[in-house]
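K.L.:
Build me a model from this:
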Amino acid sequence: MAKKPPEKVFRIGHVSASVFLNDAATDSGSRSFRSVNIQRSYRDGDETKFVSSFTMADLPQAIRVLQLAQQYVEQAEAEFGG
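P.N.:
Predicted structure coming up:
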């Protein structure tokens, strides 16, 4: 199965929050839900790498991208119900 791209990405500096739309089978049928992944990028030579740990300096950006992701998910859930 191919990996689905994020539905929406919020990025501030090197910190990003990605919103994914997922589908799950339940006893009452299929249901959709959103999940959020947060990460920080950094360079290792010519390669860009990603980690889920943050320094004190990264925390304001991490908090803000999570707030933006939360607002997006809340609005999407209210509008589309899924």
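
K.L.:
ok so Arg64 is a strand residue?
P.N.:
No - counting by DSSP: H, G, I helix; E, B strand; the rest coil, Arg64 falls outside a strand, being helix.

K.L.:
List the contacts of it.
P.N.:
Each residue near Arg64 by Cβ atoms under 8 Å, 6 or more residues apart in numbering is listed here: Ile12. Quick note: C-beta positions are derived from backbone N, CA and C, even for glycine.

K.L.:
Distance check, it against Arg11.
P.N.:
Shown here: Arg64 relative to Arg11, a distance of 10 Å by Cβ to Cβ, to the nearest Å.

K.L.:
and for the two, which residues touch both?
P.N.:
Contacts common to Arg64 and Arg11, judged by Cβ under 8 Å, 6+ apart, are absent.

K.L.:
Buried residues, stretch 21-40. List them.
P.N.:
When neighbours are counted by 16 or more other Cβ atoms under 10 Å, the buried residues of stretch 21-40 are found to be Leu21, Arg34, Val36, Ile38, Gln39, Arg40.

K.L.:
Assign a three-state SS to the residue lying closest to Asn37 once chain neighbours are set aside, would you?
P.N.:
Closest residue to Asn37 apart from its sequence neighbours, by Cβ to Cβ, 6 or more residues apart in numbering: Ser18 at 4.8 Å. Counting by three-state DSSP, the backbone at Ser18 sits in strand.

K.L.:
Can you give me the distance of Ser18 to Gln67?
P.N.:
Taking Cβ to Cβ as the measure, Ser18 and Gln67 are separated by 15 Å.

K.L.:
The two: which is more packed in?
P.N.:
Ser18 (18 against 12; other Cβ atoms under 10 Å).

K.L.:
so that one touches Lys3, yeah?
P.N.:
No - Ser18 is beyond contact range of Lys3, at 11.8 Å (criterion: Cβ atoms under 8 Å).

K.L.:
At which residues are the helices of the protein located?
P.N.:
In the chain, helices defined by DSSP state H lie at 59-80, listed in chain order.
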